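S.K.: Next one to model:
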Amino acid sequence: MTPQSGILPPANGHALFTLFRRRLGRRADARLKALLASVSDRIIHLQGEDPQASGVIAFGPHVWPELYSSKPALLRDFPSISGAIHPAPASEVDVLLHLRGERYDLLHEFADQLSAEMSEWLDVIETVHGFRYRDARDLTGFVDGTENPVGEERAEVALLADGDWAGGSYIHLQRYVHRMEQWKKLPVRQQEAVIGRTKDTNEELPDEDRPHTAHISRVIIEEDGEELAMLRHSMPYGSPGGDKGLYFISYCKTPVVFEKMLTRMVAPTSDGRVDHMLNFTRAVTGAAFFAPSIEQLKQLQK
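M.R.: Below is the predicted model:
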């Protein structure tokens, strides 16, 4: 099975995240299914103008039964974390359109046209433009995505390898709003202790110097001698003088990895600690989806 084009390639200069919710009283019919099934071919056409363009369309657990007669075994709601002391809200979202490329004008045009064509069934509830900041850094000034798999491991981590839904991927997203004024007041050494890496050279702090509350201490999890991994395509976003932060999005062959990482970030686990980065940023959205393979996507029009 062939994965959708936006899952495996490396980062682009721009991304566009568009979230949709079903309109009240409207169900997915043959016309909407045909529009959804056309997305992969439309992206091929888009690549004629921007060869680096790619994209993914994915569906949440509540709209899924209207599209397919069976579902991926682990497709479920965004996790509700017991005992959380930092917010990890879940949003009412049914469809995700994740576009990537080097020309934002073309991504905007693509999403705008598709949104208009689907407006009879789906309302747009959020559209966010993500952009590359300097050398792949978050707006906090630290390099983002350092732990991403490389080479063939990207597919091994992100895609289901077999079964009816092979070539597909479980997706989680959260939009984080940074408290930049408070963050900028921290001396660099304290920022590094919060993240767990050096700011300029992006080197992981030694174990003896890295607090258990550092971000990477919470999200690097080893089981049976191996680190749990997922493929991140997160991007900074924001407007001058307005909200700004990180649009987090991950792709994985199982939702369990994200769920474990989020739990260790927001709730005291066996060591009683949480992620101190969350003192300087907060999640305002959260949603879970599955991106079917291109072959399964095109089944919608049959």
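
S.K.: burial count for Glu203?
M.R.: Taking other CB atoms under 10 Å as the criterion, the count of residues near Glu203 is 11. The C-beta positions use only the backbone N, C-alpha and C, and glycine is treated the same way.

S.K.: residue ranges of the helices in this protein, please?
M.R.: All helices of the chain, identified by DSSP state H, fall at 30-37, 39-46, 64-67, 104-117, 153-158, 180-185, 188-195, 215-219, 256-266, 294-298.

S.K.: Dihedrals phi and psi, the closest residue in space to Tyr170 that isn't next to it in sequence?
M.R.: Distance criterion CB to CB, 6 or more residues apart in numbering; nearest residue to Tyr170, sequence neighbours excluded, is Pro255 at 4.5 Å. The phi and psi values for Pro255, taken as degrees, to the nearest 10, are phi -80, psi -10.

S.K.: and Pro255, how many neighbours?
M.R.: Residues near Pro255, counting by other CB under 10 Å, number 23.

S.K.: Offset the numbering so it begins at 494, please.
M.R.: In the new numbering, first residue 494, that becomes Pro748.

S.K.: pLDDT wise, what is it at?
M.R.: We have a pLDDT of 98 for Pro748.

S.K.: That one touches Ala781, doesn't it?
M.R.: Yes: using CB atoms under 8 Å, Pro748 is in contact with Ala781, at 6.5 Å.

S.K.: overlap in contacts of the two?
M.R.: Jointly contacting Pro748 and Ala781 under the rule CB atoms under 8 Å, 6 or more residues apart in numbering are Leu568, Arg569, Pro572, Tyr663, His665.

S.K.: What's the ChimeraX line that selects buried ones from the residues you listed?
M.R.: To isolate in ChimeraX the members of the shared contacts of Pro748 and Ala781 that are buried, counting by 16 or more other CB atoms under 10 Å, one can use:
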select :568,572,663,665
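
S.K.: Among the shared contacts of Pro748 and Ala781, list the two that are farthest apart in space.
M.R.: Within those, two members stand farthest from each other by CB to CB: Leu568 and Pro572, at 12.7 Å.

S.K.: joint contacts of the two?
M.R.: Pro748, Ala781.

S.K.: In contact with Trp557, which residues are there?
M.R.: By CB under 8 Å, 6+ apart, the contact list for Trp557 reads Lys564, Leu568, Phe783.

S.K.: Around the first one, how many other residues sit close by?
M.R.: Spelled out, it's Lys564. By other CB under 10 Å, 17 other residues sit near Lys564.

S.K.: What residues does the most centrally placed residue in the chain make contact with?
M.R.: Nearest residue to the geometric centre of the chain (CA atoms, centre = their mean): Ile742, 1.1 Å. In this structure, Ile742 makes contact with Phe510, His591, Ile664, His665, Leu666, Arg725, His726, Ser727, judged by CB under 8 Å, 6+ apart.

S.K.: Show me what counts as buried in stretch 544-563.
M.R.: Quick answer for stretch 544-563 (16+ other CB under 10 Å): 546-554, 556-557, 559-561.

S.K.: measure that stretch end to end?
M.R.: Stretch 544-563 stretches 34 Å from its first residue to its last (CA to CA, to the nearest Å).

S.K.: same check, this time on stretch 645-657
M.R.: Stretch 645-657 has an end-to-end distance of 22 Å (criterion: CA to CA).

S.K.: which residues are in contact with that stretch?
M.R.: Residues contacting stretch 645-657 (CB under 8 Å, 6+ apart): 496, 500-501, 563, 565, 641-642, 659-662, 722-724, 744-746, 789.

S.K.: ok, and for it, which residues are buried?
M.R.: Arg647, Ala648, Val650, Ala651, Leu652, Leu653.
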